[in-house]
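J.: attaching a predicted model along with its sequence, questions to come.
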Amino acid sequence: MVVDSPAAARGQLVRRRLLEAAVALVPERGWSAVSTRILAERAGVTPSVVHYHFPSLQALLIEAVLGAMREVAGAFEPVLETAETPEAAVDAVLASIGGYSGTDPMSLLFTEAYLAATRDETLRQGIRDVLAGLRTKFGAWLAERGVVDADGTAAVLFATVDGLLLHRALEPESDPGSVAAVLRRLVR
């Protein structure tokens with residue numbers, strides 16, 4: 001049996017605060033404007049603590065962002081559990097992005113991460129893995145329901161959702177509902 005010491009518990013708390021601070025700061029300031037000092041200040045620790053818990057600021061940002069992305073991706077599974085048809089799944093996926101304006105913190109976090117991933121192979125691979133997991137699950141779900149080229153369809157659907165969120169930041173008045181009919185045809 002493993003017993004956590006008070007010091008280990010404090011260390012876990014500090015790590016969590018650092019990761020939460022990173023998830024808040026990236027959308028507020030932009031990936032490249034988050035410094036060790038700013039992050040430590042937000043988390044209520046000294047800058048040396050950042051490097052005690054993480055090998056680098058970049059490693060901390062990557063872990064924080066990928067954790068947030070995995071959380072958002074994990075919220076997709078209940079959508080599949082409740083959808084009875086591929087068309088209903090499309091509607092549920094589109095409804096699930098309704099709370100994202102394109103300029104909300106989570107949308108900005110994803111946008112910043114995608115941009116940073118163009119310059120960082122570790123982040124790029126981490127995002128690829130998150131997306132591949134989503135596509136694989138949805139592709140398998142579609143295949144079970146007889147959708148032709150289920151994996152390709154899942155890839156197009158998720159790329160479309162990403163694009164809709166990116167466009168929403170530029171065109172807040174855009175209506176993803178107008179795309180629903182097209183996406184429903186895709187899964188028939």
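T.: Yep, that arrived.
J.: from now on I want contacts and neighbour counts done on CA atoms only, so please keep to that.
T.: Noted.
J.: excluding its backbone neighbours, what's nearest Asp151?
T.: Spatial nearest neighbour of Asp151, chain neighbours left out: Gly139 (4.4 Å); criterion: C-alpha to C-alpha, 6 or more residues apart in numbering.
J.: could you measure from Gly152 over to Leu142?
T.: Per C-alpha to C-alpha, to the nearest Å, Gly152 is found 10 Å from Leu142.
J.: which ones are touching Ala113?
T.: When contacts are counted by C-alpha atoms under 8 Å, 6 or more residues apart in numbering, Ala113 touches 31, 65, 123.
J.: of those, closest to Tyr52?
T.: Among those, Val65 lies closest to Tyr52 (C-alpha to C-alpha), at 19.3 Å.
J.: if I look at the closest one, what pLDDT would I see?
T.: Here the pLDDT value assigned to Val65 is 98.
J.: Val2 now?
T.: Model confidence at Val2, given as pLDDT, is 52.
J.: residues contacting the residue most central in space within the chain?
T.: Against the mean C-alpha coordinate of the chain, by C-alpha atoms, centre = their mean, the closest residue is Met69 at 2.3 Å. By C-alpha under 8 Å, 6+ apart, Met69 lies in contact with 110, 127, 130.
J.: mind putting the residues you listed in TSV, distance to Val45 included?
T.: Shown next, in TSV, are the contacts of Met69 (distance: C-alpha to C-alpha, whole Å):
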residue	distance to Val45
Phe110	26
Ile127	28
Val130	30
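J.: of all these, which comes closest to Ala89?
T.: Checking the contacts of Met69 against Ala89 by C-alpha to C-alpha gives Val130 as the nearest, at 19.2 Å.
J.: so that closest one touches Gly74, yeah?
T.: No - checked against C-alpha atoms under 8 Å, the pair Val130 and Gly74 is beyond contact range at 9.7 Å.
J.: who has more neighbours, the two?
T.: More crowded of Val130 and Gly74, by other C-alpha atoms under 10 Å: Val130, with 18 against 14.
J.: now do the SS call for the more buried one.
T.: Assigned with DSSP: H, G, I helix; E, B strand; the rest coil, Val130 falls in the helix class.
J.: and it, what pLDDT?
T.: With respect to pLDDT, Val130 scores 97.
J.: for it, list the residues it contacts.
T.: Applying C-alpha under 8 Å, 6+ apart to Val130 gives the contacts 66, 69-70, 73.
J.: if you look at those, which of them are in helices?
T.: Mapping the contacts of Val130 onto helices (DSSP state H) picks out 66, 69-70, 73.
J.: mind listing the helices for the protein?
T.: Ranges of helices in the chain, per DSSP H, are 6-29, 36-43, 47-53, 57-74, 77-82, 86-96, 105-117, 121-144, 150-170, 177-187.
J.: all set, thanks.
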